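**Student:** I would like the atomic coordinates for the input below:
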Amino acid sequence: MVAGTTMGNEADQGVPAASAFPRYEQTFPTLTPQEIARMRRFGAERSYKDGERLFETGQPGPGMFVVLSGHVAITQRDGFGHVTPIIDQGPGQFLAEIGQLSGRVALVDGHAEGEVETLLIPPERLRALLVAEADLGERIMRALILRRVSLIRGGAGGPVLIGPSDSAGVIRLQGFLTRNGYPHHLLDPVADTDAAELIARYSPSQADWPLVVAPDGTVLRNPREAELARAMGMIRALAKDKVYDVAVVGSGPAGLSTAVYAASEGLAVAVCDTRAFGGQAGASARIENYLGFPTGISGHALTARAFNQAQKFGAEVMIPVEVKSLDCSYGDGAFGLKLDNGEMLRARSVVVASGARYRRPEIENLADFEGRGVWYWASPIEARLCTDQDVILVGGGNSAGQAAVFLSGHARRVHMVIRGGGLGASMSRYLIERIEAAPNIELIFNAEVVGLEGTKDGSLERVRWRSRLSPDEITLNIRNLFLFVGADPATGWLDGCGVLVDRAGFVVTGARDNAQGNKAEGQLASALETSVPGVFAVGDVRSGSVKRVGGAIGEGAQVVAALHGFLGDAAKPAL
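**Tutor:** Numbering: from 1, shown residues only. Next up is the predicted model:
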């Protein structure tokens, strides 16, 4: 539960713990007796005998422990049976990381060294403490975040992926775990003995790569994201008969903003997302025109802050969970959201923040190379594959510009293919100037990619493109193609519910028909409410929205007032 970089043999050699952790004092602060006294009303004392376990890797954590006396040893345990010391914690220190805000599984082991007295604060009381004790809560929250960061850097507490670093399965699962801020470790069977032995034992074909070893020793063969998430305890069963005040579908900037503001105002909030928090914005390498960040910030860093904020206020975030359909009958005073695991999530209101899915252009053999050289985002994982290579990037919007600038720091040359004759109408000026100043970005206007060719093992090898002003095709030896050509609204799950969409499939809001009996005469629908009362839409999925991170966050905050209005009206007895 306490996070940290693996110390390995350093711990046995008496190297100070501070040398293993950046920002040690902030990561492992010591509380004063006065601060502990203020915390006592949030928890209860618990005693542990020598060697007794306080928490265990892979098992739900009971909350945050404050050590009153004695010492607790924190160790890392992987699926191969290796146990590595991380750190010891003594009186005045607390044991938890960010996952304990929502009662997630522990990522490390903690056991008593001698007799130990603790104050145990369960997750719901820990959240109350963070809000009620602002100064103390700030110190604790910072420590919880830094501990998860240290776990991620050290690869401690999560699954071990075994396979070549450039295999499609490894890249897919690394991307999933990285986007969700979950620690993991990659082993190459060519270089690691344990990995080679496991490969030999299970004799996997390339289709089985990667093997995934969970901390309890369970071995998965090239699992889907949901299967891996279940094995790691990332997905929990819904509480029986629970009805949320609001269900938010999508955890991009708009969905996270809704969750933060709604949960902070006391609403019971559930958030579902099919892959990772952050949406398309979360994959942005650097956002430089977002208010308050003059040096810029990555999309993942920005949305990770919001993700942690939502958990701090008690929002239940469920990832990866896909909403398959919406039942709008509202017969028992709640909407029903059917999930991909067969469960039904019930909520008194719904916010559609499902955003948009990456558009797949008409390119010959495109589907054959997705995940094998064709990418719809540019993270450090994909950038690593492009070192000293030529790459092609298709697109002329801000996302394309941000990706081109980022990739230019890794690739030998970035060929930027744009259908139009310029960038001025579709891209921010600062990005255009950055691209023009990069010596290894080549702009190719009035052009389009038409076909892909590859090797026998399924990897991309060549890309064909042509000028829209000429029928001649040009072939380049390219192993990585990045597509940023817009997105289509993710609204298929709304089919059959009566939610009005425009011709392009975006959700229409603020235009309900009184003839349907949805509103009393003289009352106007909220600007963010759909044609179905109690169902709202925010962010990129909404027709007419400004497709910007700032706009999405603003709509997420704005919709909460409309939610209060609807929930208040729904609670009033009929006259």
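**Student:** so where does residue 54 fall, helix or strand?
**Tutor:** strand 53-55 (DSSP states H and E).
**Student:** show me this protein divided up by domain.
**Tutor:** For the chain, automatic domain parsing gives the domain ranges 9-154, 160-231, 243-357+488-571, 366-485.
**Student:** out of those, which one sits most buried?
**Tutor:** domain 243-357+488-571 (a mean of 20; mean count of other C-beta atoms under 10 Å). Where C-beta positions appear, they are placed from N, C-alpha and C, glycine not excepted.
**Student:** what average pLDDT does stretch 315-323 get?
**Tutor:** Taken as a whole, stretch 315-323 has an average pLDDT of 97.
**Student:** stretch 250-266 now?
**Tutor:** Per-residue scores along stretch 250-266 average to 98.
**Student:** same question, stretch 289-301
**Tutor:** 93.
**Student:** can you give me the helices for the stretch 1-150 of the chain?
**Tutor:** 9-12, 24-27, 33-39, 123-132, 134-154 (DSSP state H, counting those that start in this stretch).
**Student:** swap in the chain?
**Tutor:** Taking DSSP state H to define them, one finds helices in the chain at 9-12, 24-27, 33-39, 123-132, 134-154, 168-179, 193-202, 225-231, 253-264, 299-312, 380-385, 398-407, 429-437, 549-571.
**Student:** quick one: closest of those helices to residue 449.
**Tutor:** Minimum separation from residue 449 across the helices of the chain (C-beta to C-beta) falls at helix 398-407, 13.1 Å.
**Student:** can you list the low-confidence ranges for the protein?
**Tutor:** For the chain, the stretches with pLDDT under 70 are 1-20, 203-204, 512-525, 571-575.
**Student:** so who does the residue nearest to residue 79 when sequence neighbours are not counted touch?
**Tutor:** Leaving aside its chain neighbours, residue 79 sits nearest to residue 213 (3.5 Å; criterion: C-beta to C-beta, 6 or more residues apart in numbering). Residue 213 makes contact with 78, 79, 80, 159, 160, 162, 198, 219, according to C-beta atoms under 8 Å, 6 or more residues apart in numbering.
**Student:** same check on residue 408?
**Tutor:** Residue 408 touches 414, 438, 440, 441, counting by C-beta under 8 Å, 6+ apart.
**Student:** for residue 432, see how far away the closest residue to the first one other than its chain neighbours is.
**Tutor:** Spelled out, it's residue 414. Using C-beta to C-beta, 6+ apart and skipping the chain neighbours, the partner closest in space to residue 414 is residue 441 (4.7 Å). Look at residue 441 and residue 432: by C-beta to C-beta, to the nearest Å, they are 11 Å apart.
**Student:** ok, residue 280 next?
**Tutor:** In terms of C-beta to C-beta, residue 280 sits 20 Å off from residue 432.
**Student:** re the thing from before, among the helices of the stretch 1-150 of the chain, which comes closest to residue 302?
**Tutor:** Across these, residue 302 has its closest neighbour in helix 134-154 (13.8 Å, C-beta to C-beta).
**Student:** report all helices and strands that that closest one contacts.
**Tutor:** helix 24-27, helix 33-39, helix 123-132, helix 299-312 (3 or more C-beta pairs under 8 Å, 6 or more residues apart in numbering; DSSP states H and E).
**Student:** among the domains of the chain, which is nearest residue 237?
**Tutor:** Ranking the domains of the chain by distance to residue 237, with C-beta to C-beta as the measure, places domain 243-357+488-571 first at 7.2 Å.
**Student:** residue contacts, residue 106?
**Tutor:** With C-beta under 8 Å, 6+ apart, residue 106 has these contacts: 1, 55, 56, 57, 58, 59, 60, 61, 99, 157.
**Student:** out of those residues, who's nearest residue 420?
**Tutor:** residue 99 (45.7 Å).
**Student:** tell me who's in contact with the closest one.
**Tutor:** Going by C-beta under 8 Å, 6+ apart, the list of residues near residue 99 reads 1, 61, 105, 106, 107, 148.
**Student:** save these as CSV, and put in distance to residue 308 too.
**Tutor:** Formatted as CSV, the contacts of residue 99 follow (distance: C-beta to C-beta, whole Å):
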residue, distance to residue 308
1, 16
61, 16
105, 17
106, 18
107, 16
148, 9
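**Student:** okay, and which of these map to strands?
**Tutor:** Among the contacts of residue 99, no member is found in strands (DSSP state E).
**Student:** could you export the contacts of residue 213 as CSV, including distance to residue 344?
**Tutor:** Output for those, formatted as CSV (distance: C-beta to C-beta, whole Å):
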residue, distance to residue 344
78, 37
79, 34
80, 39
159, 30
160, 35
162, 37
198, 39
219, 32
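**Student:** and residue 70, what does it touch?
**Tutor:** 48, 90, 91, 112, 113, 114, 115, 116, 117 are the contacts of residue 70 under C-beta under 8 Å, 6+ apart.
**Student:** now these in a markdown table, with distance to residue 363?
**Tutor:** Converted to a markdown table, the contacts of residue 70 look like this (distance: C-beta to C-beta, whole Å):
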| residue | distance to residue 363 |
| --- | --- |
| 48 | 60 |
| 90 | 60 |
| 91 | 63 |
| 112 | 60 |
| 113 | 60 |
| 114 | 65 |
| 115 | 67 |
| 116 | 61 |
| 117 | 64 |
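**Student:** distance of the closest residue to residue 23 other than its chain neighbours from residue 30?
**Tutor:** Nearest non-adjacent residue to residue 23, counting by C-beta to C-beta, 6+ apart: residue 146, 6.0 Å away. From residue 146 across to residue 30, the span is 15 Å (C-beta to C-beta).
**Student:** circling back: nearest to residue 208, out of the helices and strands packed on helix 134-154?
**Tutor:** That would be, of the helices and strands packed on helix 134-154 and by C-beta to C-beta, helix 299-312, which comes in at 29.4 Å.
**Student:** which one of the contacts of residue 99 sits closest to residue 370?
**Tutor:** residue 148 (30.6 Å).
**Student:** apart from its chain neighbours, what residue comes closest to the closest one?
**Tutor:** Residue 148's closest residue in space is residue 98 (C-beta to C-beta, 6+ apart), at 4.5 Å.
**Student:** same check on residue 115?
**Tutor:** residue 70 is the one closest to residue 115 (C-beta to C-beta, 6+ apart), at 5.5 Å.
**Student:** before we move on, what about residue 63?
**Tutor:** Going by C-beta to C-beta, 6+ apart, residue 63 has residue 122 as its nearest residue, at 4.1 Å.
**Student:** quick check, that neighbour in contact with residue 61.
**Tutor:** No - judged on C-beta atoms under 8 Å, residue 122 makes no contact with residue 61 at a distance of 9.6 Å.
**Student:** and for those two, which residues touch both?
**Tutor:** Common contacts of residue 122 and residue 61 (C-beta under 8 Å, 6+ apart): residue 103.
**Student:** which parts of the stretch 251-400 of the chain are strands?
**Tutor:** 269-272, 316-318, 323-327, 335-339, 344-347, 350-352, 356-358, 374-375, 390-394 (DSSP state E, counting those that start in this stretch).
**Student:** can you redo those as a markdown table with distance to residue 450?
**Tutor:** Output for the strands of the stretch 251-400 of the chain, formatted as a markdown table (distance: least, C-beta to C-beta, whole Å):
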| stretch | distance to residue 450 |
| --- | --- |
| strand 269-272 | 38 |
| strand 316-318 | 40 |
| strand 323-327 | 35 |
| strand 335-339 | 39 |
| strand 344-347 | 43 |
| strand 350-352 | 35 |
| strand 356-358 | 19 |
| strand 374-375 | 14 |
| strand 390-394 | 11 |
